[in-house]
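S.K.: Next input, structure requested:
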Amino acid sequence: MKRILITGALGQIGSELTLSLRETYGKDKVIATDIRKPDHEVATEGPFEILDVMDQKRMSQLVSTHRVDTIIHLAALLSAKAELNPLFAWNLNMSGLLNVLETAKEFKTKFFAPSSIGAFGPTTPKNATPQNTIQRPTTMYGINKLTGELLADYYFRRYGVDCRGLRFPGLISYKTQPGGGTTDYAVEMYHEAVKHRRYTSYIKKGTYLDMMYMPDALAAIIQLMEADGTQLKNRNAYNVTAMSLDPEKLAQSIRREIPEFRLDYKIDSVRQQIADSWPNQLDASCAKEEWGFKPTFTLDRMTKEMIKNIM
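M.R.: Numbers count the residues shown, from 1 in each chain. Down below sits the predicted model:
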C-alpha cells in the first residue's frame, strides 16, 4: 500500500485505522473521507475530503487526483440501526459498495471492506464456526454483509480486482463511541463501569459473541493488505476473533479491576434476536494459516487498558 483512500474515516474503525495507517505509511499517504468534516484529528492532521459513497463520480475523481492504489471501504450502516431503516441500509450499504468496487476496477486499486459475524445466521453452526459454512442471515445488515462478500469474490474472479476482507466480531475500543452495533454493549459496559459502577445490559446472560480489541483489528487489516496475494484462498471474508464473551464473563473481568461493579439486565428484543442469530465462537484457523493472523490481547489485558484509558 502506497497511497490509501478510506471511506467512512470518521466511524468506529475508520477514525482509529486512519491514524494508525498515517503512522505506518506517512500522513500525506492516507486520504481520509467522510460525508462531514468535523474538528477531528482525522480531518485536520492529514489529507481529508468530503465524500458521499453514493457519488461514484466524486469517488473516481478523488482516486485519480490523489493517485490512490488502495481503497479501504468502511462507510456503512451497522446492525441495530439497519433494522430500524432496512431500505435505507440496503441503498447505502450496497450502492456504496458497488461504487467502490467499480472505482477499484477502473483504477486497478487494491480493495478492502470489512464483513461481520452478522453475515451468518441461525442455521450456521454456533461453535467453532467454520470459515466456509451455511450463511443464511436474518437481518438486513447480515444480508448486506453476505452480499458484499459475494460481490467482492465476483469482482476478483471476473475483473481481477485485488479484493480482501475480514469477518469482524464485536470491536471494543475506548477511543470511539458505540455506533449502533449489537455487540456495542461491551463498550458501553466499560464506560458505565468507570462512571457509575453499574450497567444494564440489553443482551441477556449466556449470550456468547466473538469480540476483539481494536488494536488487534487494526493490525489484522494491515497484515492482510500487506500479505502475498498468491497465498490467499479465502480472500474476502476471513474469520477473525480474539475471545468469546457473554455479558457476565465481561463483568467478571471488570470486577477484577472494579470489585463493586454491578450488572443488571433489561433485554432489548430486537438486538437480542440479532445476537441469537450469530455464532458463539468463530474458527479463525484459515486466517492464521494463510497470512499469520494472531491476536495479542486477552480479555483481562483488554479490560486493564480499557479502564485505565476511560478513567
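S.K.: C-alpha from now on. contacts and neighbour counts both.
M.R.: Will do.
S.K.: Wasn't Phe297 part of a helix?
M.R.: No: secondary structure of Phe297 (DSSP: H, G, I helix; E, B strand; the rest coil): coil, not part of a helix.
S.K.: That one and Met214 touch, don't they?
M.R.: No: judged on C-alpha atoms under 8 Å, Phe297 makes no contact with Met214 at a distance of 9.5 Å.
S.K.: which one of the two has more residues nearby?
M.R.: Met214 (21 against 17; other C-alpha atoms under 10 Å).
S.K.: buried residues in stretch 56-64?
M.R.: Neighbour-count burial for stretch 56-64 flags 56, 59-60, 62-63 (criterion: 16 or more other C-alpha atoms under 10 Å).
S.K.: now swap in stretch 81-90 and tell me
M.R.: So for stretch 81-90, counting by 16+ other C-alpha under 10 Å, buried means 81-83, 86, 89-90.
S.K.: same question, stretch 25-41
M.R.: By 16+ other C-alpha under 10 Å, the buried positions in stretch 25-41 come out as 27, 29-34.
S.K.: Equivalent analysis for stretch 189-209, please.
M.R.: Buried-residue list, stretch 189-209, by 16+ other C-alpha under 10 Å: 189-194, 197-204, 207-209.
S.K.: What about those residues, which are in strands?
M.R.: Of the buried residues of stretch 189-209, the ones assigned to strands by DSSP state E are 198-201, 209.
S.K.: which of these lies closest to Phe156?
M.R.: Closest to Phe156 out of these is Leu209 (30.4 Å), distances taken as C-alpha to C-alpha.
S.K.: wait, doesn't that closest one sit right on Pro279?
M.R.: Yes: using C-alpha under 8 Å, Leu209 makes contact with Pro279 at a distance of 6.6 Å.
S.K.: just the strands in this structure please.
M.R.: Assigned by DSSP E, the chain shows strands spanning 4-7, 30-34, 48-50, 70-73, 110-112, 115-116, 162-164, 166-168, 170-172, 198-201, 209-213, 238-239, 243-245, 262-265.
S.K.: Counting by contacts, list what the second one packs against.
M.R.: Going back to what we said before, that points to strand 30-34. Applying 3 or more C-alpha pairs under 8 Å, 6 or more residues apart in numbering; DSSP states H and E, we find strand 30-34 packed against strand 4-7, helix 12-25, strand 48-50.
S.K.: now with 10 Å?
M.R.: Packing partners of strand 30-34 (3 or more C-alpha pairs under 10 Å, 6 or more residues apart in numbering; DSSP states H and E): strand 4-7, helix 12-25, helix 41-44, strand 48-50, helix 56-65, strand 70-73.
S.K.: Over to the fourth one?
M.R.: If contacts are counted by 3+ C-alpha pairs under 10 Å, 6+ apart, strand 70-73 sits against strand 4-7, helix 12-25, strand 30-34, helix 86-107, strand 110-112, strand 162-164, helix 214-226.
S.K.: and of these, who's closest to Asn127?
M.R.: With C-alpha to C-alpha as the criterion, Asn127 lies closest to helix 214-226 of the helices and strands packed on strand 70-73, at 21.3 Å.
S.K.: Show the average pLDDT along the closest one.
M.R.: Averaged across helix 214-226, the pLDDT comes to 97.
S.K.: Compute the inter-axis angle for it and helix 12-25.
M.R.: 60 degrees (axes from the mean of the first three to the mean of the last three C-alpha atoms, to 10 degrees).
S.K.: buried stuff in helix 214-226?
M.R.: In helix 214-226, counting by 16+ other C-alpha under 10 Å, buried: 214-221, 224-225.
S.K.: just these now: which is nearest Gln231?
M.R.: For the buried residues of helix 214-226, the nearest to Gln231 is Leu224 (10.7 Å; C-alpha to C-alpha).
S.K.: what residues are up against the residue lying closest to that closest one once chain neighbours are set aside?
M.R.: Closest residue to Leu224 apart from its sequence neighbours, by C-alpha to C-alpha, 6 or more residues apart in numbering: Trp291 at 6.6 Å. Contacts for Trp291 (C-alpha atoms under 10 Å, 6 or more residues apart in numbering) come out as 220, 223-229, 231-232.
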